[in-house]
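Enquirer: Just to be clear, the model below is a prediction. Sequence and coordinates:
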Amino acid sequence: MDFFEGVFGLFIMMLCFAIWILPILLIAVSDKTSGKEKFAWILATIFITWFAWVFYLLLAPIKEPERYRRRYY
């Protein structure tokens, strides 16, 4: 019985880790932000967890990327 408890415990720990790392991976592959802003969102997600990821989905990008800013004179 101890073997199955250990395997079950390991499975639960791996599942929790996967759930914890999911927002970080989603931000890392996202095209919404880049550079320092993406790094800041990842750090916020690491330290504030899921709340920062929800804010990322709602607020990112903080600044418009250069490709969307066009000046017409």
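Expert: Alright, I've got the coordinates. Residues are numbered from 1 along each chain as shown.

Enquirer: Could you check how far Val7 is from Lys32?
Expert: To Lys32, Val7 is 39 Å away according to CB to CB, to the nearest Å. Where you see a C-beta, it was placed from the backbone N, CA and C, and this is true even at glycine.

Enquirer: neighbour-wise, which of those two wins?
Expert: Legend: neighbour count by other CB atoms under 10 Å for Val7 and Lys32, higher for Lys32 (15 against 10).

Enquirer: Does the more buried one lie in a helix or a strand, and which?
Expert: Lys32 is part of no helix or strand when elements are defined by DSSP states H and E.

Enquirer: all numbers from here: first residue = 40
Expert: I'll keep to 40 as the first residue from here, and by that count the last item is Lys71.

Enquirer: what sits against the closest residue to it other than its chain neighbours?
Expert: In space, not counting the residues next to it along the chain, Lys71 is nearest to Ala99; the distance is 4.6 Å by CB to CB, 6 or more residues apart in numbering. By CB atoms under 8 Å, 6 or more residues apart in numbering, Ala99 lies in contact with 69, 71-72, 76, 80.

Enquirer: Most widely separated two among those?
Expert: Greatest spatial distance among these (CB to CB): Ser69 and Glu76, at 10.8 Å.

Enquirer: which stretches of this structure aren't confidently modelled?
Expert: Confidence mapping of the chain against pLDDT under 70 gives the ranges 40, 101-112.

Enquirer: and the longest helix along it, which residues are buried?
Expert: Across the chain, the helix with the greatest residue count (assigned by DSSP state H) is helix 41-68. Across helix 41-68, burial judged by 16 or more other CB atoms under 10 Å covers 62-63, 66.
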